[in-house]
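>>> A structural model of the following input is requested.
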Amino acid sequence: MCDESAEVPGSIRSVVTRRGVLAGAAALAGVSSVATAAEADGTTGALRRAPGRRFPGRPPVPPPLVVAGGPLLDPLTGDVVEDAVVVLAQGRVVASGSRDATRAAVREVSGTARTIDAAGGAILPGLVDAHVHVNALADAAGVLHAGATSIRSGTSNFYQDVAMRPLATWKPGAVPRMRAAGVFVTPDLGDTVLADPDLVPLASLAGGVRSPEALAYLVRVNLSRDVDVVKTRANPRAGVATQDPLELVYDRTQLEAVVRAARRGGAGVLCHAYSAEGCHGAVAAGIRSLEHGVFVSEETLELMVRRGTFFTPTLGPILGLADDPDPILAQRGRDYGPVLRAAVLRAHELGIPVVAGTDTFGTATRPIGSEVRLIGETGVPALDALRGATTTAARLLGWQGRVGRLTPGHLADLVVLDGNPLDDLTAMERVQLVVAQGVVARDDLAA
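Modelled structure (predicted):
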């Protein structure tokens, strides 16, 4: 029997997570874990820094902003306030509601605030894209301009998502706030072994990163780079004609090794899966969210209910395969589309939280609103489809109470749409204004 662990240098057991160091230091200093977590997601204005490095400045504080005139929709309750006003200051929602209810807050910022007339448009909280790949600033800007003010990275090649994450604090309005996944936990890392010297020993493994020890090591390297979540797979990609997305890449035992290592570092796991076996192994292993999940079985859906697993179906790219010029991919799209639509509706009927993710790569941005529309077209009610990119997605990312609503204390992210999505979900694709971290990132209302 081949013992793969013998091929890995002794350092495979020695990677210490920066998150663990921070937590230990915080405990010694008497700082609560809640405060440390708040700093980690960039919402407190803290600078992520290595020991001994401190930037001699403070993050900018955007001036107050007032958005007024349109109906304000609260995705949590479904309530709509006509002719509403939202007041943003210090990176937070200060007040929202009717003109009478917000009059004092508007008066407080008068003289320093910019006022945007949103009459004719619907005011919503900034949207969440729960599965997207941003490897460059242009990628992130495209996703933001399409309406996603918060995202969960679906991995990057060289920890670009980790590097971009503080920009939401230090250059408001440049990128969405983000949960970073770092590099993909997959057998063949290719050039990604160059992302960190600690990854290089994995290049020596015959057959790639497959043993539980090697998988745990790769997760620990990610955690040492301070990722928020860990991404892995059960199956190959559907969008590559030379791959069979129903083959098994990692079985339940291997995925359990990934989940255990991630949990030790305080991170959840999102898992790419298509086949019934792959989906079941991933959910049984304890993943936080199932990505794609085309052939997820009724048994697995019921397990997801019991486990509290989220479902990110990424309908857009999978349905879009039907229009691919490659006949193999086009046939997959035709075969997979109806199955995935039925799976999404069944998941919703069972009470599984369905969240929106575009699986966008590069600058070929697919607006997050289009994914909300596609979820609604499966039969999921419009309000629940919208929650998949707001309050439900905020729960998945651990940002409930901060993202997904425009009530006081929530973060200063909003969009204005041309139309009410509760009446017509295509309005989700007609974004007119994007405010991220209190800064106007896109303004078509002024045109």
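>>> how close does residue 223 sit to residue 217?
Separation of residue 223 from residue 217 (Cβ to Cβ, to the nearest Å): 11 Å. Bear in mind the C-beta positions are built from the backbone N, C-alpha and C, glycine included.
>>> same thing with residue 345?
40 Å.
>>> with neighbour numbers in mind, choose between the two.
residue 217 (25 against 16; other Cβ atoms under 10 Å).
>>> surely the more buried one touches residue 202?
Yes - under the criterion of Cβ atoms under 8 Å, residue 217 makes contact with residue 202 at 7.2 Å.
>>> is it true that residue 433 touches residue 116?
Yes - between residue 433 and residue 116 there is a contact under Cβ under 8 Å: 6.6 Å.
>>> got any residues that touch both of those two?
67, 416, 440, 443, 445 (Cβ atoms under 8 Å, 6 or more residues apart in numbering).
>>> among these, name the buried ones.
Listed as buried from the shared contacts of residue 433 and residue 116 are 67, 416, 440, 445; burial here means 16 or more other Cβ atoms under 10 Å.
>>> need the max-distance pair from those.
The span of these, defined through Cβ to Cβ, is set by 416 and 440 at 10.6 Å.
>>> hey, what's in contact with both of those two?
With Cβ under 8 Å, 6+ apart, residue 416 and residue 440 have common neighbours 116, 433.
>>> where does the residue positioned nearest the centre of the chain land in three-state SS?
Nearest to the mean C-alpha position of the chain, counting by Cα atoms, centre = their mean, stands residue 152 at 1.8 Å. Classification of residue 152 using DSSP: H, G, I helix; E, B strand; the rest coil returns strand.
>>> for the closest residue to it other than its chain neighbours, what are its contacts?
Once flanking residues are discounted, residue 152 sits nearest to residue 179: 4.4 Å by Cβ to Cβ, 6 or more residues apart in numbering. By Cβ under 8 Å, 6+ apart, the residues touching residue 179 are 41, 151, 152, 153, 228, 229, 397, 398.
>>> between those, which sits nearest residue 74?
residue 397 (18.8 Å).
>>> confirm for me that the closest one is in contact with residue 130.
Yes - using Cβ under 8 Å, residue 397 makes contact with residue 130 at a distance of 7.0 Å.
>>> the two: who's more crowded?
Ranked by neighbour count (other Cβ under 10 Å), residue 397 and residue 130 place residue 130 first, with 31 against 25.
>>> what lines up beside the helix or strand where that one lies in the sheet?
Assigned by DSSP states H and E, residue 130 belongs to strand 127-132. Each strand paired with strand 127-132, and its direction, by DSSP bridges: strand 148-153 (parallel).
>>> following the strand it pairs with, which helix or strand shows up next?
Of the helices and strands lying after strand 148-153 in sequence (DSSP H and E), the nearest is helix 160-164.
>>> which residues touch that following helix?
134-137, 140, 153, 155-156, 175, 178, 180-182, 225-227.
>>> show me what the helix or strand encompassing residue 305 is packed against.
Element membership of residue 305, judged by DSSP H and E, is helix 298-307. On a contact count with 3 or more Cβ pairs under 8 Å, 6 or more residues apart in numbering; DSSP states H and E, helix 298-307 meets helix 276-285, helix 327-350.
>>> circling back to that earlier point, identify the contacts common to residue 397 and residue 130.
Common contacts of residue 397 and residue 130, defined by Cβ under 8 Å, 6+ apart, comprise residue 152.
>>> got TSV for the contacts of residue 179, with pLDDT and distance to residue 296 too?
Formatted as TSV, these follow (pLDDT from 0 to 100; distance: Cβ to Cβ, whole Å):
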residue	pLDDT	distance to residue 296
41	44	30
151	98	24
152	98	20
153	96	23
228	97	25
229	98	20
397	97	22
398	97	24
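>>> and which of those residues is nearest residue 368?
Within the contacts of residue 179, proximity to residue 368 (Cβ to Cβ) peaks at residue 151, which comes in at 8.6 Å.
>>> okay, now the unreliable bits of the stretch 301-447 of the chain?
For the stretch 301-447 of the chain, the stretches with pLDDT under 70 are 447.
>>> quick one: the helices in it?
Secondary structure of the stretch 301-447 of the chain (DSSP state H, counting those that start in this stretch): helices at 315-320, 327-350, 368-377, 382-387, 391-397.
>>> how much does the second one deviate in direction from helix 276-285?
Right, the one you point to is helix 327-350. If you take axes from the mean of the first three to the mean of the last three Cα atoms, to 10 degrees, helix 327-350 sits at 40 degrees to helix 276-285.
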